[in-house]
Each structure stands twice: as C-alpha cells, then as structure tokens.
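Enquirer: sequence below, structure please.
(one chain, ligands or ions: 1)
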Amino acid sequence: MSNIESIKAYALENQVPIIKDAGLAFLLEQIKQFNVSSILEIGTAIGYSAIMMAQTGSNVVTIERDPKMYEEAQKNINSLNLTDKIKVIHADALMAFDQVKDNQFDLLFIDAAKAQYQKFFDIYTPLVKKGGIVVCDNLEFHGLVANPDLSNCSRSLRALVRKLRNFRESLANNGAFQTKFYSIGDGMSVSIKN
Ligand code: SAM
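Expert: From the prediction side, this is the model:
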C-alpha cells in the first residue's frame, strides 16, 4: 500500500527526479490562486506531483514516455484510489497531442525533458484556457542557466543550458502570455494566457 511519503521515499532511493518541496508548495499555491480544476502535466515520473495536484480536487491528465515510470505511476495512483482523478497516458508527449486535443485545461505543468520545453509549450498551449496558466519547472537547472562560465560543462550540457536560456527568453517575449520567473525550487515560471 503506497502513501505519499512512501512514494517520495521511493523516488529519493531510486534517483527518480521529482519536484522539490518548495517547487511543489509553489505549484499547489498557483492551483489555489488560479482556481485550477483541470490540469495537463508533461512528465509523470512515478506520479508524485500528479497525486499531489489531484489531492487539491483537480482532475489531472499526465503524460509519461518511460514504461517503468508509467507502470510505477499507475501502481501508486491505483493504490491511492485516484484513478478517477488522474489519467496517465503512456506516450512521448511530442506525439501525444491527439490523445488530449479534445480537452481544455486551466493549468499546463511542463516537467519533462528540458531540451524539449519549447516544443511542449508550442504543442500544448493551444489547450490552455484563456486566463489559464502554464507552469514550468527546472528553469534555473541547478544554477547553470544563470552561470556565464560553462567551460567545465560537457558540450551536451552546454547545449541544454542554451536551450533553456532561449526558452526563458521566448517566454519573456511571448505576447500571448504574461510570464513571471521565480527562484523557487529549481527555478519556476508562471505564464498567464491572455
Ligand atoms: N513531474 C514529476 C514529479 O514531480 O513527480 C517528475 C517528472 S521527471 C522530472 C520527468 C519525467 O518526464 C521523466 O519520468 C521522463 O521519463 C519524462 N519525460 C521526458 N521526456 C518526455 C517526453 N518527451 N514525453 C513524455 N515523458 C517524458
């Protein structure tokens, strides 16, 4: 039988990257503040953030491409009797639009492959309601996004940081959304759809 503490402990023991406590508290605060009742999450992992969001009373659709993560998430959600509140889609989110396109969401939470944030944003923001929000996690990426000296980092890490910087800039300049950035958790943003 799972409970939320055992799910968190499993994540820590098995190096499953889940949202940090401060980031989660901030996310739940946005859910309350914006009266969110329908959520699309990109990046389920083992269902930790989806479960925490569903426990606010919201309905959550969440997309996960990794088969082991997907199975573990299903197990945890079943065990907490949340199958009527959380639908997990086993797919690569870059190709899952057709499976969710008939829905509209109050919140899009992007928390999957960092290099693809711009693509996830472009694919799924048409499903965000007017006045709804997009929240992104890991936008500071352990302080690397703000660090001017990446000479000790690998080429692939430098490329990833460049993508996150470009994404932040694109968010800041996107006239269809009003975006604020927060140094909470690993760096979060909240974009309100005009
Ligand atoms: N939101 C989760 C939480 O806080 O409990 C953590 C998600 S973890 C940071 C990112 C997850 O996104 C991983 O499980 C990974 O397999 C998944 N992922 C990465 N790229 C993806 C993609 N293109 N489509 C679907 N899932 C993806």
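Enquirer: list, one by one, the residues from the protein near the ligand.
Expert: Contact residues (C-beta under 6 Å from any ligand atom) of the chain with the ligand: 17-19, 43, 45, 48-49, 63-66, 69, 92-94, 111-113, 116. C-beta: built from backbone N, CA, C; applies to glycine.
Enquirer: helices of the protein, start to end?
Expert: 4-13, 21-33, 48-54, 67-79, 97-100, 117-124, 155-172 (DSSP state H).
Enquirer: residues in contact with the first one?
Expert: Looking back up the chat, that one is helix 4-13. Identification of contacts with helix 4-13 by C-beta atoms under 8 Å, 6 or more residues apart in numbering yields 16-18, 45-48, 51-52, 55, 72, 76, 80.
Enquirer: what's near enough to touch the closest residue to Q99 other than its chain neighbours?
Expert: Counting by C-beta to C-beta, 6 or more residues apart in numbering, Q99 lies nearest to I89, which is 5.5 Å off, once chain neighbours are set aside. Contacts for I89 (C-beta under 8 Å, 6+ apart) come out as V61, T62, I63, E64, A96, Q99, V100.
Enquirer: neighbouring strands - and their directions - for the strand ranked longest in the chain?
Expert: Longest strand in the chain, counting residues (DSSP state E): strand 128-136. Its sheet considered, strand 128-136 pairs with strand 105-110 (parallel), strand 188-193 (antiparallel) by DSSP bridges.
Enquirer: and the residue lying farthest from the centre of the chain, its phi and psi?
Expert: Counting by C-alpha atoms, centre = their mean, the extreme residue of the chain relative to its mean C-alpha position is S151, 29.0 Å from that point. Torsion angles at S151 (phi, psi; degrees, to the nearest 10) stand at phi -60, psi -20.
Enquirer: in strands only, show me the contacts of I89.
Expert: Per DSSP E, the contacts of I89 map to strands at V61, T62, I63, E64.
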